[in-house]
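A.B. asks: task: produce atomic coordinates for the following.
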Amino acid sequence: MKPIVLGLALSLSASLAAAHEYGFAGILSNGNSGEMPGLTLSVGAPIADGPITLESGKVYEMEITADGSAELALTGPDFFRAIWVNEVVVNGLEIRPFGLESVEFDEAGEMEIEFVAIKPGTYELKIPGSTGDTQRVEITIR
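C.D. replies: The predicted structure follows:
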């Protein structure tokens, strides 16, 4: 019995050493991440430079910066239902929500949302109540 237990222990330690050597695998691995331009919330300024295209299955970090010029929100329930949110980071605090519909800044600050793009389609994030084209950003998941 002791040789079997010893063999299992050696096998497990070899597996753990290999995992440490190669890093994490799977959907949240570094090799599976994409780049996403930052978003800005400011009165009268565009949220983004133009439409954004993401790839389904990739991990992204959405950085949102508010300049404090007004109390501004960013809403996009259809977009937030097309992604899986891993975490939201505000002032170094990590929040792991079940889902999101919108975020709001009462004052200047930054927020990071790490997510996996899931459902292909075209979505929008916008400042609620606004009508200008610069106050929204189109996001396509391919």
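
A.B. asks: and the closest residue to Ile52 other than its chain neighbours, helix, strand or coil?
C.D. replies: Spatial nearest neighbour of Ile52, excluding adjacent residues (CB to CB, 6 or more residues apart in numbering): Ile139 at 4.7 Å. Heads up, the C-betas are built off the backbone N, CA and C, glycines and all. Secondary structure, DSSP: H, G, I helix; E, B strand; the rest coil: Ile139 is strand.

A.B. asks: and Ile139, how many residues sit next to it?
C.D. replies: Applying other CB atoms under 10 Å, we find 24 other residues in the vicinity of Ile139.

A.B. asks: and the chain, what are its domain boundaries?
C.D. replies: 1-25, 33-141 (automatic domain parsing).

A.B. asks: look up how far Met62 lies from the residue nearest to Ile52.
C.D. replies: Going from Ile139 to Met62 by CB to CB, to the nearest Å gives 9 Å.

A.B. asks: noted, bye for now.
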